[in-house]
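1. When you get a sec, could you give me coordinates for this:
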Amino acid sequence: MRSTRSALAVALAAVTASLCLLPGPATAAAPTIRPDGDAAPKSVSTSEGSYNGLALTPPMGWNSWNKLRCAVDEEDVRGIADAIVAKGLDKKGYRFVTVDDCWMAKSRDAQGNLTADPERFPSGMKALGDYLHARGLKFGLYESPTQGTCQKRPGSYGHEQQDADKFAEWGVDYLKHDWCQTSATESPDMWADFPGYSQKELAQVLFPRMAKALEKTGRPIVYSLSACCEDLDFEQWARTTSNLWRTSTDIADNWASMVSNFEAAAEFPEAAGPGGWNDPDMLEVGNGGMTDTEYRSHMSLWSVLAAPLIMGNDLRTMSPETERILGNKRVIAVDQDPLGKQATVVSRQDGRWVLSKELADGSRAVALFNATDQTQRLSTTAAAAGLDPAPRGYAVRDLWSGELTSTKGELTAEVPAHGTVLLRVSPRR
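-> As a prediction, this is how the structure comes out:
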């Protein structure tokens, strides 16, 4: 599976090499003492708890980017918030409502502050936060640690504390921080301040810089690290400075992209746990590029990965089946299980996957995932899934159909092409 990440890294390197020319010779080592006095975060390979006491289960909510891109406005966000409450999705855990790129004006004001885009968010961001909070929801915003966002709006470089203070003033509860505009042309001051650094080395300074700024505000703010186009090995170090971190490039609303992002996140089960989560990117469920069978696989796989469940569709107009997929309480419970374990791969052969996720009550969530183009018979056993011997056998709940059956130990299903059978397997007491 590591080959997926390696191939991605090679491809991205070819695309970005001409844009990411660092000052000084290519072989220059980063200075031992960082210009801002910050130490690089230590390498973390296992779950060590939440760095800020937040996100003890994977965050759930909605983000504007997948569906609305730069066309998002305050009426859209308010409408989505109303739909979350009207459809009862907030009661199922979906509470963060995040406005992605393009919420801000194209330049800072005379005092250097970020301000809302006057055409799309004329009421301002505090008013939007107040609207969300009045409905029991939480308010998320997007920024970049460089000199510009992906859509060339002002980044936070050199304004970290000023921006963090403004976010706190507006009532922000969640910040998505995205590694964009990273070339020497796009962020010249940044690279001038850090000659000889690689992108990863610089990321290990700038992301923690914002984490410290957020902490100084005194407001609890969930901190999400994103990188659309550069493999920064977040899973190796980000737990000490964030609550979730991307493990792959941006998702697209198609089967190949979804599977690729799943495979990338599946490589690092040891990195995930309460307070820090691998993030294969937002859900595309309901956006129209996949079948309902594929969307059920999407939701199943994100749940066993203990991934953030961030909806990306238009909740105001979604179909009843999309609502059923996103709102399945049994599947959500797997994702939100308080033990916080990510599934491990039991077996993988020719597109036939078996994954097992340990749950707090002693049961296991077992995903039989068929990535092939034909119906397949997939099998495993309770023992292979990590369950202890049970003289009375096991109860098996199909989390999509709700059907309850029993077994002495064998777990077998006919799984349609691109489908997933998701089971909760419990020893009979």
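2. okay, CA-based contacts and neighbour counts for the rest of this
-> Will do.
3. Provide a list of residues in contact with the nearest residue to Arg120 once chain neighbours are set aside.
-> When the adjacent residues along the chain are set aside, Arg120 lies closest to Asp73, with 4.5 Å between them (Cα to Cα, 6 or more residues apart in numbering). Shown in contact with Asp73 (Cα atoms under 8 Å, 6 or more residues apart in numbering): 103, 120-121.
4. now Pro427, which residues is it bridged with?
-> Under DSSP bridges, the beta-bridge partners of Pro427 are Tyr394.
5. thinking again about what came up before, out of the contacts of Asp73, who's nearest Asp335?
-> Within those, the smallest distance to Asp335 is 29.8 Å, found for Trp103 (Cα to Cα).
6. gap between the residue nearest the centre of the chain and Ala417?
-> Closest to where the C-alpha atoms of the chain average out (Cα atoms, centre = their mean) is Asp279, at 3.2 Å. When Cα to Cα, to the nearest Å is applied, the distance between Asp279 and Ala417 equals 25 Å.
7. for Phe262, same thing?
-> With Cα to Cα as the criterion, Phe262 and Ala417 are 17 Å apart.
8. So for these two, which sits in the more crowded spot?
-> The neighbour comparison of Phe262 against Ala417 (other Cα atoms under 10 Å) goes to Phe262, with 22 against 16.
9. and that one, that one's in a strand?
-> No: secondary structure assignment places Phe262 outside any strand; it is helix (DSSP: H, G, I helix; E, B strand; the rest coil).
10. Just give the nearest non-adjacent residue to it, would you?
-> Per Cα to Cα, 6+ apart, closest to Phe262 is Pro280, 6.2 Å.
11. what's near enough to touch the one you found?
-> Applying Cα under 8 Å, 6+ apart, we find Pro280 in contact with 246-248, 251, 261-262, 264-265, 302, 307.
12. 10 Å instead, please
-> Applying Cα atoms under 10 Å, 6 or more residues apart in numbering, one finds that Pro280 lies in contact with 244-251, 258-266, 302, 305, 307-309.
13. quick one on the thing from earlier: backbone phi and psi for the nearest residue in space to the residue nearest to the centre of the chain that is not next to it in sequence, please?
-> The spatial neighbour of Asp279 that comes closest, neighbours along the chain excluded (Cα to Cα, 6+ apart), is Arg246 at 4.5 Å. Recorded main-chain torsions at Arg246 are phi -70, psi 140, according to degrees, to the nearest 10.
14. residues contacting Arg246?
-> Arg246 sits in contact with 178, 224-228, 231-235, 238, 261, 264-265, 277-282, where contact means Cα under 10 Å, 6+ apart.
15. all strands for the stretch 1-150 of the chain, in order.
-> With DSSP state E, counting those that start in this stretch applied, the stretch 1-150 of the chain shows strands at 60-63, 96-99, 138-143, listed in chain order.
16. and Pro188, which of those strands is closest to it?
-> Comparing the strands of the stretch 1-150 of the chain against Pro188 with Cα to Cα, the closest turns out to be strand 138-143 (18.0 Å).
17. Which residues belonging to the closest one are considered buried?
-> Buried residues in strand 138-143, counted by 16 or more other Cα atoms under 10 Å: 138-143.
18. Could you do stretch 95-106 as well?
-> Buried residues in stretch 95-106, defined by neighbour count with 16+ other Cα under 10 Å: 95-106.
19. Keeping just the C-alphas, turn stretch 357-374 into PDB.
-> This file holds the C-alpha atoms of stretch 357-374, laid out as PDB (Å, rounded to 0.1, in the frame of the first residue of the first chain):
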ATOM      1  CA  LYS A 357     -12.000  -2.400  13.900                       C
ATOM      2  CA  GLU A 358     -11.800  -3.100  17.600                       C
ATOM      3  CA  LEU A 359     -14.700  -1.500  19.500                       C
ATOM      4  CA  ALA A 360     -15.100  -0.400  23.100                       C
ATOM      5  CA  ASP A 361     -17.700  -3.000  24.100                       C
ATOM      6  CA  GLY A 362     -15.500  -5.900  23.000                       C
ATOM      7  CA  SER A 363     -17.100  -6.400  19.600                       C
ATOM      8  CA  ARG A 364     -15.500  -5.900  16.200                       C
ATOM      9  CA  ALA A 365     -16.700  -4.000  13.100                       C
ATOM     10  CA  VAL A 366     -15.700  -6.100  10.100                       C
ATOM     11  CA  ALA A 367     -15.800  -4.600   6.600                       C
ATOM     12  CA  LEU A 368     -16.000  -7.000   3.600                       C
ATOM     13  CA  PHE A 369     -15.000  -4.600   0.800                       C
ATOM     14  CA  ASN A 370     -15.200  -5.700  -2.800                       C
ATOM     15  CA  ALA A 371     -13.200  -3.200  -5.000                       C
ATOM     16  CA  THR A 372     -13.600  -5.400  -8.100                       C
ATOM     17  CA  ASP A 373     -16.000  -5.000 -10.900                       C
ATOM     18  CA  GLN A 374     -17.800  -8.300 -10.200                       C
END
